[in-house]
Structures are given as C-alpha cells and as structure tokens.
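Engineer: Generate a structure from the sequence data that follows.
(one chain, ligands or ions: 2)
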Amino acid sequence: MKKPDVKIVLLGDMNVGKTSLLHRYMERRFQETVSTVGGAFYLKQWRSYNISIWDTAGREQFHGLGSMYCRGATAIILTYDVNHLQSLVELEDRFLSLTDTASTDCLFAIVGNKIDLTDEGDAEGGAEGLKEQGKALSGRARASRRVRLDDAVALYKKILKYRMLDEKEVPAAEEMCFETSAKTGYNVDHVFETLFDMVVPIILRQRAEGPSQTVDITNYKPVKRTQSRCCD
Ligand SMILES: Nc1nc2c(ncn2[C@@H]2O[C@H](COP(=O)(O)OP(=O)(O)OP(=O)(O)O)[C@@H](O)[C@H]2O)c(=O)[nH]1
Ligand SMILES: [Mg+2]
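Structural biologist: Residues are numbered from 1 along each chain as shown. Ligands and ions are numbered 1, 2, ... in the order given. Purely as a prediction, here's the structure:
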C-alpha cells in the first residue's frame with residue numbers, strides 16, 4: 001500500500017453525514033449507509049501526493065477512539081447537520097478536545113451538511129441556484145434554517161482561540177466554513193479539494209524539514225530478550 005503523505009480526519013456527531021460525504025466524494029454517489037463502527041479510511045491521490053482520509057464513528061460509545069484517529073492529522077473536517085443546532089454545539093463540547101493530538105499546524109474546516117433538507121437547499125441548480133434563491137427568498141427561507149453559517153464562523157474563531165492560533169496566520173473563517181449536501185453533491189468536491197490544495201504546501205514543508213519523527217514499525221525486529229533478573 002502507498003504510504004500516505006498526510007492525514008485528514010472527519011469528525012462529528014452520529015448521523016450528520018460524514019460517511020455519506022466521503023462516499024459522495026470518493027465514489028461519486030449517494031447511497032444508504034450504516035452507522036460507522038470504529039473508523040475507516042480512504043486513500044486519495046491528489047496530484048503526486050497520497051492523502052489518507054479517515055471517517056470516524058460519531059456514536060458516543062466510540063468517542064474514546066477519536067483522539068487516536070486525530071493523532072498527527074494535518075486537517076480536520078468538523079461536520080454538523082444544518083438542521084440540528086445540537087450537532088454544531090457537540091463539535092465544541094465533545095469533539096474539539098479530541099483534536100489535541102493533531103499536528104500543531106492542523107487546518108480546520110467546518111462543514112454543515114444536509115443543506116438539501118432546508119428550504120434553501122430545495123432549489124435545483126447547484127451553487128448558483130442557491131445564491132439566486134437566497135436573493136429571491138429573503139426572510140422566510142432563512143428563518144427556517146436551524147443553523148446559520150455565521151454560527152459555524154463563530155465556532156471556527158473559538159477553535160483558533162482553543163488552539164492558540166493567530167487569526168492572521170491561518171485561513172480565514174469564511175474560507176473554511178462550508179455548507180454541503182452529500183445527497184445532491186452540492187459543494188462536496190469544493191470542500192475536499194480546497195483542503196487538498198491547502199495541505200500540499202504542508203507536505204512540501206514537512207519534506208523539506210526531513211524525515212518525520214514517527215517510528216516505522218514495518219522493519220521492526222524484536223530484540224532478543226535476555227532472561228530477566230528482576231525476580232532473582
Ligand atoms: N437528505 C440528506 N440526507 C443525508 C445527507 N447526508 C447523509 N444523509 C443521511 O443521513 C443519515 C446518516 O448519514 P451517515 O453518512 O451514515 O452519517 P455519519 O455521520 O457517518 O454517522 P455515524 O457513522 O453514525 O457517525 C443516512 O440516512 C444518510 O442517508 C444529505 O446531505 N442529505
Ligand atoms: Mg459514518
């Protein structure tokens with residue numbers, strides 16, 4: 001198997017659509033899913049780089065695994081359901097601390113999925129259609145939305161504070177907060193490919209800095225044990 005150059009991790013509450021987003025991007029279709037057990041990963045070749053993308057389980061019982069999956073991550077996609085405010089709240093309350101094990105310069109994207117279930121998402125015609133409809137339907141459509149993009153932007157700013165990152169040195173909140181539909185495919189490629197383009201300079205920087213500090217266990221041979229004397 002090809003060795004991944006970087007790792008991107010999808011985190012978020014159960015049922016928000018993490019697995020569906022990844023299927024939509026990798027397999028170009030929307031299919032019924034079963035709730036993820038543990039985690040799973042895909043390998044994506046982007047230009048000449050290999051990017052591993054990890055899908056995690058949102059169910060509470062797997063919560064403990066989250067920080068393991070985030071270890072060394074270069075980018076994390078925090079996913080919520082635009083129709084359930086609680087799923088955005090959970091990102092701060094339950095998932096943010098799992099990212100402590102990610103790399104120090106880890107990028108964060110916040111993705112509000114299932115936009116097709118809001119009034120705004122009923123429009124056909126992709127991004128332009130949504131923009132046009134947004135202009136045409138002023139108060140009514142917006143009022144029916146449970147989570148506003150501004151709420152995600154506010155969370156992004158909290159994440160920067162939590163990670164003690166300088167706003168001037170990381171991508172702006174407006175660039176990193178997205179709304180998607182895994183069902184229609186709206187904005188899905190844009191999310192992944194924006195992140196891929198952003199991680200390429202990080203890969204190049206890591207390569208320039210020399211071999212990584214991680215231990216390669218593929219060639220590990222156990223040292224022959226001499227008899228322990230501890231119990232003599
Ligand atoms: N309408 C609509 N339904 C979606 C969308 N994305 C996912 N779903 C549905 O939401 C349900 C949950 O989707 P999953 O992708 O399994 O959610 P998950 O975040 O991976 O859930 P866990 O694996 O339990 O953490 C499924 O019934 C999907 O078909 C979307 O964009 N629009
Ligand atoms: Mg899943």
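
Engineer: can we go C-alpha only for contacts and neighbour counts from here?
Structural biologist: Noted.

Engineer: give me the low-pLDDT residue ranges for this structure?
Structural biologist: By pLDDT under 70, the weakly predicted segments of the chain are 1, 120-145, 211-232.

Engineer: Doesn't residue 80 lie inside a strand?
Structural biologist: Yes - per DSSP: H, G, I helix; E, B strand; the rest coil, residue 80 lies within a strand segment.

Engineer: What sits closest to residue 46 if chain neighbours are left out?
Structural biologist: residue 196 (7.1 Å; CA to CA, 6 or more residues apart in numbering).

Engineer: Check the secondary structure at the residue nearest the centre of the chain for me.
Structural biologist: When CA atoms, centre = their mean is applied to the chain, the residue found nearest the centroid is residue 77 (1.6 Å). Of the three states, residue 77 takes strand under three-state DSSP.

Engineer: Please determine how far it is located from ligand 1.
Structural biologist: From residue 77 across to ligand 1, the span is 12 Å (CA to the nearest ligand atom, to the nearest Å).

Engineer: okay but that residue is in contact with residue 112, surely?
Structural biologist: No - the criterion here is CA atoms under 8 Å, and residue 77 misses it with residue 112 at 10.2 Å.

Engineer: Quickly list what's touching both of these two.
Structural biologist: None of the residues lies in contact with both residue 77 and residue 112 under the rule CA atoms under 8 Å, 6 or more residues apart in numbering.

Engineer: The closest residue in space to residue 38 that isn't next to it in sequence: neighbouring residues, count only.
Structural biologist: Take residue 38 and drop its neighbours on the chain: the residue closest to it by CA to CA, 6+ apart is residue 57, 5.5 Å away. Residues near residue 57, counting by other CA atoms under 10 Å, number 25.

Engineer: State the distance from residue 57 to residue 153.
Structural biologist: Per CA to CA, to the nearest Å, residue 57 is found 24 Å from residue 153.

Engineer: and residue 65, what does it touch?
Structural biologist: Applying CA under 8 Å, 6+ apart to residue 65 gives the contacts residue 38.

Engineer: Quick check, residue 56 in contact with residue 64.
Structural biologist: No - proximity of residue 56 to residue 64 does not meet the contact threshold set by CA under 8 Å, at 11.1 Å.

Engineer: Which one's more surrounded, those two?
Structural biologist: For the pair residue 56 and residue 64, the greater number of neighbours falls to residue 56 (27 against 11), based on other CA under 10 Å.

Engineer: distance of the nearest residue to the more buried one once chain neighbours are set aside from ligand 1?
Structural biologist: Spatial nearest neighbour of residue 56, excluding adjacent residues (CA to CA, 6+ apart): residue 39 at 4.3 Å. If you measure residue 39 against ligand 1 using CA to the nearest ligand atom, the figure is 8 Å.

Engineer: For residue 39, which residues are in contact?
Structural biologist: Residue 39 neighbours (CA under 8 Å, 6+ apart): 54, 55, 56, 57.

Engineer: Closest one to residue 206 out of those residues, please.
Structural biologist: residue 54 (20.3 Å; CA to CA).

Engineer: Can you work out which other helices and strands pack against the one helix or strand the closest one maps to?
Structural biologist: According to DSSP states H and E, residue 54 maps onto strand 49-56. If you count contacts as 3 or more CA pairs under 8 Å, 6 or more residues apart in numbering; DSSP states H and E, strand 49-56 packs onto strand 6-12, helix 18-27, strand 39-46, helix 66-70.
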